[in-house]
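# Any chance you could fold what I've pasted below:
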Amino acid sequence: MSDTYEMTPLAHLYPGMVLADALMDEHGHVLLAAGATLNEAAIASLARHGVGAAPILRREPLAAPGEAEVQARIDHLFRHNDREDLGDWATGLLRRYVEDYRLKRGVAP
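As a prediction, the model looks like this:
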């Protein structure tokens, strides 16, 4: 069994959750294999078989992108505009606002 799971009560299961381990009935028969994605029919079947809880994979929170990744994404978004072109003031201003927002800086006028 994976160490990144939690036993989730049947009432809290919802479609799309993924099993961390095989789920068996009281006779040892496999009801659902490890890695199975739950759907409404599977959850209803678990209730009929008297399953009270299931080992569900925990989803790790996504790491926030670092400043380098954010800057690379902004460079990609503005790839058709020259950063040093003072004649294109509107795009330069928009880029500055996007950078300030995505890098969580205070947006200055």
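
# So which residue of the chain lies furthest out from the middle?
For the chain, the residue at maximal distance from the C-alpha centroid (C-alpha atoms, centre = their mean) is Gly87, at 40.7 Å.

# how much space between it and Arg59?
Gly87 sits 47 Å away from Arg59, going by C-beta to C-beta, to the nearest Å. All C-beta atoms are positioned from the backbone trio N, CA, C, and that covers glycine.

# what's the domain layout of the chain?
5-57, 67-102 (automatic domain parsing).

# Now do the buried residues in the shortest one.
If you call a residue buried by 16 or more other C-beta atoms under 10 Å, then domain 67-102 has these buried ones: Val70, Phe78, Gly92, Arg95, Val98, Glu99, Arg102.

# What is the most widely separated pair among those residues?
For the buried residues of domain 67-102, the farthest-apart pair by C-beta to C-beta is Val70 and Gly92; their separation is 17.7 Å.

# How about residues contacting the lengthiest helix in the chain?
Longest helix of the chain, by residue count under DSSP state H: helix 89-102. Applying C-beta atoms under 8 Å, 6 or more residues apart in numbering, the contact partners of helix 89-102 are 70-71, 73-74, 77-78, 81, 83, 85-86, 105-108.
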